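In: prediction below, plus the sequence it came from.
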Amino acid sequence: MILESFGLEKYMDELIDIARYQLRIMKYEKPKANEQTIGVPAHCDSNMMTLLYQNEVNGLEIQNKDGEWMNTKLSPNSFIVIIGECLCVWLNGRLSSPYHRVMMKGNED
């Protein structure tokens, strides 16, 4: 649907054929009380897109254009869609791939 919304449906099969897909499931150990640690260092995803379910942990932080880190606060049972660099290139920069990280806090499950 994203490619169709940008008028690229005629290239969809070609783009999908050259993409490599993988599924990664991650779970992080809870830090000690009142301790904060990096679950995943800051990065941009190189894939097409990432679907993320935080399970009410709220450890995802996204860097805004001013370089500040913003916490993501989602309602329960929500998913986050993160645009990857591959899709950003396919769309000629019309959508951007955000720089993000996971910060784990010891006072949350």
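Out: Great, that's in hand. Residues are numbered from 1 along each chain as shown.
In: quick one: contacts for the residue positioned nearest the centre of the chain?
Out: When the chain is reduced to its mean C-alpha position, the nearest residue by CA atoms, centre = their mean turns out to be residue 82, at 3.6 Å. Contact partners of residue 82, counting by CB atoms under 8 Å, 6 or more residues apart in numbering, are 45, 49, 50, 52, 97, 98, 100. Any C-beta I mention is one placed from the backbone N, CA and C, and that applies to glycine too.
In: what does residue 95 give?
Out: Contacts were defined as CB under 8 Å, 6+ apart; by that measure residue 95 touches 2, 83, 87, 88.
In: do that again at 10 Å, thanks
Out: With contacts defined as CB atoms under 10 Å, 6 or more residues apart in numbering, the neighbours of residue 95 are 2, 6, 49, 83, 84, 87, 88.
In: which one's the longest strand in this structure?
Out: With secondary structure taken from DSSP state E, the chain has its longest strand at strand 36-43.
In: CA atoms only for it - export them in PDB, please.
Out: What follows is strand 36-43 as a C-alpha-only set of coordinates in PDB (Å, rounded to 0.1, in the frame of the first residue of the first chain):
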ATOM      1  CA  GLN A  36      19.200   2.400  33.000                       C
ATOM      2  CA  THR A  37      21.000   0.500  30.200                       C
ATOM      3  CA  ILE A  38      21.000   0.500  26.400                       C
ATOM      4  CA  GLY A  39      19.000  -2.400  25.100                       C
ATOM      5  CA  VAL A  40      19.800  -1.600  21.500                       C
ATOM      6  CA  PRO A  41      22.300   1.100  20.500                       C
ATOM      7  CA  ALA A  42      21.200   4.000  18.300                       C
ATOM      8  CA  HIS A  43      20.800   3.100  14.600                       C
END
